[in-house]
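Chemist: Fold the following, please.
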Amino acid sequence: MEVRPYTVNIPKMVLDDLRERIARTRWPDEISGTGWEYGTDLKFMMDLIEYWQTRFDWRAQERAINSFTHFRATVDGTGIHFIHEKGKGPTPLPIIITHGWPGSFVEMLRLIPLLTDPASHGASPRDAFDVVVPSLPGFGFSDRPTQPGMNNFRIADLWATLMNGLGYPRYGVQGGDWGASVSTLLGLAHPANVIGLHLNFIPGSYVPYLGASARGLSNAERSFLKDMDEWAATEGGYWHIQRTRPQTLAYGLNDSPAGLAAWIIEKFRAWSDCAGDIERRFTKDELLTNVSIYWFTQSIHSSCRLYFETRQRPLSFNEDERVTVPCGVARFPLEAPFPPREWVERGYAVTHWSEMSRGGHFAAMEEPHLLAEDIRSFFRTLR
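Modeler: Numbering: from 1, shown residues only. Okay, the predicted model is just below:
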């Protein structure tokens, strides 16, 4: 596996094109006084887009991104971008951390230093990690798949090949959102390589075995399944179209910066612990850096296709299937709906469960210190 250093460098003509497109935004109407009730708020979007055009400094964000060590490697025919930061400690533990949608590798930029250099952040150097943060295929600076079938099962195999190629025969895995699915499948398909599995999200497509030999559902599990149905009815519009007609959606989002930003940023507000005020959790620069990566790489369609591919092959366990490697779970309170422990234990060997005091879906961005400490605590007993 050839590994090559990589530097993020967006051409000036691409930046100029973005500003020109933003200047030609054709705004929709809205019903006065409805705020976010119908979707992304118009006033918020107009302010954000004006900031994107006139004050957002991509080159400053690019320099911050490039302060990390980036690489690209061709893994089983697919070009994968990843950050690889070595730990500062006596015996750093390798760990691969996977992002989700509508995020990117930039979700992890606050988290990485807390794991690679814990001594500089009030923790023990004995808890240091060698951190690998790849971009999922079809996201960011990784290749966009050109054939069907790039699902989470396939991605887990790519990650196993990547880690082996980097010289890590044994490693930890961590993830939320799609990263939780990929991490789960690494533990399921490659248990000899995975030391432990840490999740801050339970995959939405995860269905444990519920056949004749399974125990009956608890009241908490029944309540969770009801919550899932209600969530799908009120919050699942994006999920339904992305898993059924991603190509149709892509024409608008790949052509309109404002449309792309509205589609992505509404989720950062809805899924985070922000009490309706998105800038309590994320700065405009953070939000727009993530959106800009989708724009520059034209990856909104390829990222949405992962929902379609997962629909074709969901994470449904048979009677004899279970993740046997030790599993740690950090449950952030605004990550909803979140299954009860007994539901998770049907398919995972849960040895560590933390009820976090605050935070939501984007835990690595919202509460990096809380997440880092929980990761350190879980893996401390597995080193």
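Chemist: how about the strands of the stretch 201-350 of the chain, start to end?
Modeler: Assigned by DSSP state E, counting those that start in this stretch, the strands in the stretch 201-350 of the chain fall at 323-331, 348-355.
Chemist: May I see these arranged in TSV, with mean neighbour count as well?
Modeler: Any C-beta I mention is one placed from the backbone N, CA and C, and that applies to glycine too. TSV is the format used below for the strands of the stretch 201-350 of the chain (neighbours: other CB atoms under 10 Å):
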stretch	mean neighbour count
strand 323-331	22
strand 348-355	17
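Chemist: Buried residues, the helix ranked longest in the chain. List them.
Modeler: Secondary structure of the chain per DSSP state H: the longest helix is helix 219-235. Within helix 219-235, the residues scored as buried using 16 or more other CB atoms under 10 Å are 221, 224.
Chemist: Quick one: list the elements packing against that helix.
Modeler: On a contact count with 3 or more CB pairs under 8 Å, 6 or more residues apart in numbering; DSSP states H and E, helix 219-235 meets helix 341-345.
Chemist: now the helix it packs on, how far from the centre of its chain.
Modeler: 22 Å (CA atoms, centre = their mean, to the nearest Å).
Chemist: Check what contacts it and list those residues.
Modeler: Contact with helix 341-345 is made by 202, 208, 218, 220-221, 224, 327, 329, 350, 353, as judged by CB atoms under 8 Å, 6 or more residues apart in numbering.
Chemist: low pLDDT regions in the protein?
Modeler: Residue ranges of the chain with pLDDT under 70: none are present.
Chemist: Output the longest helix of the chain as CSV, nothing but the C-alphas.
Modeler: C-alpha atoms of helix 219-235 as CSV (Å, rounded to 0.1, in the frame of the first residue of the first chain):
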residue,chain,number,x,y,z
ASN,A,219,-40.4,-1.8,28.6
ALA,A,220,-37.4,0.5,27.9
GLU,A,221,-36.8,-1.3,24.6
ARG,A,222,-40.5,-0.9,23.6
SER,A,223,-40.4,2.7,24.4
PHE,A,224,-37.2,3.1,22.4
LEU,A,225,-38.8,1.5,19.3
LYS,A,226,-41.8,3.8,19.6
ASP,A,227,-39.4,6.8,19.9
MET,A,228,-37.6,5.6,16.8
ASP,A,229,-40.9,5.6,14.8
GLU,A,230,-41.8,9.0,16.0
TRP,A,231,-38.4,10.4,15.2
ALA,A,232,-38.6,8.9,11.7
ALA,A,233,-41.9,10.6,11.1
THR,A,234,-40.8,14.0,12.3
GLU,A,235,-37.1,14.2,11.6
